[in-house]
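In: sharing a sequence plus its predicted fold:
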Number of protein chains: 2
Amino acid sequence: MHTIFELQELLENAIRKVEYPAHPAKLYEPLSYIMRLGGKRIRPVLVLLSSEMFNSDVTIAIEAALAIETFHNFTLIHDDIMDNAPLRRGNDTVHVKWGVNNAILSGDVMMVEANKHLTNLDTKVLKAALNCFNTTAQGVCEGQQLDMEFEQRADVTIPEYINMICLKTAVLVGGSMKLGAIVGGAQAEDAELLYTFGENFGLAFQLQDDILDVYGDPLKFGKQVGGDIISNKQTFLLLKLKELASAADLEKLNAQLSNTDFPTKIQVLTSLYNKYKIRELAVMEMQHSLNTAFAALDQVNIDEEKKAALTQLSRSLIDREH
Amino acid sequence: MHTIFELQELLENAIRKVEYPAHPAKLYEPLSYIMRLGGKRIRPVLVLLSSEMFNSDVTIAIEAALAIETFHNFTLIHDDIMDNAPLRRGNDTVHVKWGVNNAILSGDVMMVEANKHLTNLDTKVLKAALNCFNTTAQGVCEGQQLDMEFEQRADVTIPEYINMICLKTAVLVGGSMKLGAIVGGAQAEDAELLYTFGENFGLAFQLQDDILDVYGDPLKFGKQVGGDIISNKQTFLLLKLKELASAADLEKLNAQLSNTDFPTKIQVLTSLYNKYKIRELAVMEMQHSLNTAFAALDQVNIDEEKKAALTQLSRSLIDREH
């Protein structure tokens, strides 16, 4: 088995070797651009890791890993248009650099490139891999749609929120693991268990993100602590607070939504979160997802030692401070 | 063999039976909406027709036909955003009805739906079908990119224009025919010949479109005669005129570009076209493409009678007056 670091290396090399057509330049340049902005490459590494549990030749899963990473980056191009986001990983977003129309079309052709990677898989696993990929891609689109709709609604419930982040984030983590398992030749049952692991792990990861935004160490957290509070982002924490707060505290909360004195806004919200033990509730929810994830992993019918790398990676991701 | 009419019926029934998920409603409603706006369904009928040349059970090609029609409609949603078009087949475009962000995302999920149709094909033909489909989809994106870029350029040459309409329109016609042949079990060589037929026929069809815009019978032509002239659209006719016109006539032409007296503009341009026999040159170019198309069809290694329906459909499409 390879280490996570070795898999990342393998993947970065594979990404560097992908060649898009030279013309039309403006159509294809954004693809190389966004693929080379980096990122943690968690999803494609999970594809490789998952495949290697069932097949010692990890190279058979590289095209599947590239398909997932290419698809993920395609969604980033289109999401950034919809969110009107100026920056992606500290650099101009594609639509800022090339214009909105160009970004729509480059995203479209990037989706085709993802499918081309997938089509390079062995014929034996192709149909199952495509079914997994298409279901995943569809879920991600549904998640983004719900995310956009929820921004216009003040009455989003916790179950609705969990469903949305599940579709927008966790389904792709689960889909990556299932795809890797399929390519590695896993039994359908094991592939499904890895899907369950990935989906619940992805959910826990997203909840941890919500928690770190408020409670992360400013010295270690990569983004501005309180960024979600400043932008009134509907996170698990905010929705849970709305659910539990007294009428007086709700009023206090609502008064802050338009406050442009951000340090005060962050302080007031954080003290409300503390008062209602929102952090503890979020950690419990996260722990619940993690338990479901690891219970599924336990059931996967392979040697425990083959699960070690995955367990280690997922623990380190959840224990992260940024 | 079925008649064209029977194939159209088969296809309309299949389209009516496709069910998209109910939620999120705003994500999926645009898919049913645009699929039900109608259109000639030429591309998916060509998939069926092409398959039936090699396999008497035409139902095996329905999912491939649906993939092509779904993909085509996805490109219409995104093209209409890029072109800022208010109307599609006389109805509101998707982005007018649901907003731009929604239209981007519905287009994306529609591309996934196209791939889902394709994945339903028999495993035996799946990889070849996907390769054909992905190459086609990529070409269509390249064509749309060139079309957008050419709108900003005054020095587009005839070969560049032919290449652009080839990618934007003809590649999908060729791809539809090749896909049908693959699904029907054709030899690779025959599938390639049908691609050549389709691509050249698609080119001829587009050139006929350019000609009809100026020389169509106003009583039979569905759109406004001279629409391309009014909007200064770079067609084969306009580019050829620019190539051949004397300095004085070029000046006359350029003076018309900003003329808002449309009847005069149409009259001046048409008389210039007549003076330089542009119609005849366009017909020659179209005839050249048709000859290449039918020469390829001649070489397809099946009974001549099996080619009859295709020959009949393509002749009727080229001899159309609208």
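Out: Noted; the coordinates are in hand.

In: mean confidence for the helix or strand where A:V214 lies?
Out: For A:V214, the host element (DSSP states H and E) is helix A:188-215. Mean pLDDT, helix A:188-215: 96.

In: can you list the buried residues in that helix?
Out: By 16 or more other C-beta atoms under 10 Å in any protein chain shown, the buried positions in helix A:188-215 come out as A:190-215. Backbone N, C-alpha and C define where each C-beta goes, glycine included.

In: next structured bit after it?
Out: Sequence-wise, the next helix or strand beyond helix A:188-215 is helix A:227-230, with elements assigned using DSSP H and E.

In: now do that next one: distance to the chain's middle.
Out: Taking C-alpha atoms, centre = their mean, to the nearest Å, the mean C-alpha location of helix A:227-230 is offset from the chain mean by 19 Å.

In: who does the helix or strand bottoming out on mean pLDDT in chain A touch, helix- and strand-wise?
Out: Lowest mean confidence among the helices and strands of chain A (mean pLDDT, DSSP states H and E): helix A:308-318, at a mean of 90. In this structure, helix A:308-318 makes packing contacts with helix A:4-17, helix A:42-52, helix A:188-215, helix A:278-299, judged by 3 or more C-beta pairs under 8 Å, 6 or more residues apart in numbering or on different chains; DSSP states H and E.

In: let me have the ones you listed in a markdown table, adding distance to chain B as columns.
Out: Formatted as a markdown table, the helices and strands packed on helix A:308-318 follow (distance: least, C-beta to the nearest C-beta, whole Å):
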| stretch | distance to chain B |
| --- | --- |
| helix A:4-17 | 19 |
| helix A:42-52 | 17 |
| helix A:188-215 | 16 |
| helix A:278-299 | 23 |
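
In: rebuild these as CSV, extending it with distance to A:L272.
Out: Shown next, in CSV, are those (distance: least, C-beta to C-beta, whole Å):
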stretch, distance to A:L272
helix A:4-17, 38
helix A:42-52, 32
helix A:188-215, 11
helix A:278-299, 8
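
In: show me what from the stretch 51-200 of chain A comes close to chain B.
Out: A:75, A:78, A:81-82, A:101-102, A:104-105, A:107-109, A:111-113, A:115-116, A:119, A:123, A:126-127, A:130-131, A:134, A:137-138, A:141-142, A:144-146, A:148-149 (C-beta under 8 Å from any C-beta of the partner chain).

In: now restrict these to buried residues only.
Out: Buried positions within those, assessed by neighbour count (16+ other C-beta under 10 Å), are A:75, A:78, A:81-82, A:101-102, A:104-105, A:107-109, A:111-113, A:115-116, A:119, A:126-127, A:130-131, A:134, A:137-138, A:141-142, A:144-146, A:148-149.

In: out of these, which sit inside strands?
Out: Members of these lying in strands (criterion: DSSP state E): none.

In: those residues in helices, which ones?
Out: A:75, A:78, A:81-82, A:101-102, A:104-105, A:107-109, A:111-113, A:115-116, A:119, A:126-127, A:130-131, A:134, A:137-138, A:141-142, A:144-146, A:148-149 (DSSP state H).

In: any idea how far A:I230 lies from A:V214?
Out: 11 Å (C-beta to C-beta, to the nearest Å).

In: coming back round to it: figure out which of the helices and strands packed on helix A:308-318 is closest to B:S271.
Out: Among the helices and strands packed on helix A:308-318, helix A:4-17 comes nearest to B:S271, with 57.2 Å by C-beta to C-beta.

In: which is the next helix or strand following that closest one?
Out: helix A:25-35.

In: what does that following helix contact?
Out: A:15, A:18, A:20-22, A:69-70, A:73, A:76-77, A:88, A:94, A:97-98, A:102-103, A:105-106, A:109-110, A:113, B:141-142, B:145, B:149 (C-beta atoms under 8 Å, 6 or more residues apart in numbering or on different chains).

In: how about the residue nearest to the spatial centre of chain A: what's its closest non-neighbour residue?
Out: Note on chain A: the residue nearest the mean C-alpha position is A:T169, at 4.1 Å, using C-alpha atoms, centre = their mean. Once flanking residues are discounted, A:T169 sits nearest to A:Q206: 4.9 Å by C-beta to C-beta, 6 or more residues apart in numbering or on different chains.

In: what about the residue of the stretch 201-322 of chain A found nearest chain B, which SS state?
Out: Nearest to chain B in the stretch 201-322 of chain A, going by C-beta to the nearest C-beta, is A:Q234, at a distance of 16.2 Å. For A:Q234, the assignment made with DSSP: H, G, I helix; E, B strand; the rest coil gives coil.

In: quick one: it from A:N84, how far?
Out: Per C-beta to C-beta, A:Q234 is found 17 Å from A:N84.

In: please say which of those two ends up with more neighbours.
Out: Shown here are A:Q234 and A:N84; by other C-beta atoms under 10 Å in any protein chain shown, A:Q234 has more neighbours (20 against 11).

In: hmm, that one is touching A:E151, no?
Out: Yes: assessed by C-beta atoms under 8 Å, A:Q234 is found in contact with A:E151 at 7.5 Å.

In: buried ones in stretch A:81-94?
Out: In stretch A:81-94, counting by 16+ other C-beta under 10 Å, buried: A:I81, A:M82, A:R88, A:T93, A:V94.

In: from those, which single one is nearest chain B?
Out: Chain B lies nearest to A:M82 out of the buried residues of stretch A:81-94, by C-beta to the nearest C-beta, at 4.2 Å.

In: contacts only, for the nearest residue to the closest one once chain neighbours are set aside.
Out: For A:M82, ignoring the flanking residues on the chain, the nearest one in space by C-beta to C-beta, 6+ apart is B:N101 at 4.2 Å. For B:N101, the contact set (C-beta under 8 Å, 6+ apart) comprises A:I81, A:M82, A:M148.

In: and B:N101, how far is that from A:Q152?
Out: 11 Å.

In: could you do A:A61 as well?
Out: With C-beta to C-beta as the criterion, A:A61 and A:Q152 are 40 Å apart.

In: what about chain A, any weak spots by pLDDT?
Out: A:221-223, A:321-322 (pLDDT under 70).
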